[in-house]
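> Provided below for reference: sequence and predicted model.
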Amino acid sequence: MPSTPRLPAVRSVNTGRAVTTAWAVKDKPTAIEKRPVEGAVAVHALGVAGDEQGDRQHHGGRDQAIHAYAREDLDVWQERLDRPLRDGVFGENLTTRGIDLAQVLIGERWRIGTVVLEATLARTPCRTFQAWMEEPRWVKRFADEARTGVYLRVLEEGELSAGDTVTVERPDHDITVYAAARAYDERDIDLLHRVLELPGRAAKWEEVTAKVATQLGRA
């Protein structure tokens, strides 16, 4: 008999403390090294309890409170890089399974445990991530793939844990987080204007749209 598909779930919850290290860009503190934690973990408006962000200018905040990455995508990179990649190695707070993150819509909501999260943005890789991975041209390679993971804001605080199922509630539009990120790369101002019309979209989209409009001479 065919196997029953597994429900979308959290495979691991990962946290890390900010440390100062010589390999990070400009010797800035970084908390990219995250490790799975056991048991129920509290989630507050700015992220997972016990987790930190080293560079708060570019990481964290309400619209980037939690970063999720799919185990399936880690497996793809594991094969391509020919090296083991554990849960949390990309600095993600939630390692998921059974969710195609390339299809996550802006404003999509995830109910996990007693927590409600909302998808906001795609991850933008940085040079610290490249230094951490020790892979040549890693920023470009990672950005060129539709496997960057998604950022989520916390709508309802509570607790979640590894093994919790993810109940997905999708909004009534078709704009994925990844498509919106590509719109910036491809200077698709029309799609970016559509993003600005979405209720609850992250404030960063205003900055992104204004930048593209200036580049196109349409500011």
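All right, it came through fine.

> Next, name the residue at the spatial heart of the chain.
Val150 (2.8 Å; C-alpha atoms, centre = their mean).

> Does that residue touch Thr124 like I think?
No - counting by C-beta atoms under 8 Å, Val150 stays clear of Thr124, with 11.8 Å between them. No exception for glycine: its C-beta is placed from N, CA and C like everyone else's.

> For His67, which three-state class applies?
Secondary structure, DSSP: H, G, I helix; E, B strand; the rest coil: His67 is strand.

> Name the nearest residue to it, sequence neighbours excluded.
Glu92 (4.8 Å; C-beta to C-beta, 6 or more residues apart in numbering).

> Please enumerate the strands of this protein.
9-15, 19-20, 29-30, 35-37, 41-44, 47-48, 66-70, 94-97, 109-112, 115-122, 150-156, 158-160, 167-169 (DSSP state E).

> Quick check: which of those is nearest to Glu207?
Nearest to Glu207, of all the strands of the chain, is strand 115-122, at 11.3 Å by C-beta to C-beta.

> List the contacts of that closest one.
With contacts defined as C-beta atoms under 8 Å, 6 or more residues apart in numbering, strand 115-122 is touched by 43, 63-64, 66, 104-110, 148-160, 177-178, 180-181, 200-202, 204.

> Show me what that strand pairs with in its sheet, parallel or antiparallel.
Strand 115-122 has its sheet partners listed here by DSSP bridges as strand 109-112 (antiparallel), strand 150-156 (antiparallel).

> Would you mind telling me which of these is nearest Gln53?
Here strand 150-156 is closest among those (C-beta to C-beta), at 11.9 Å.
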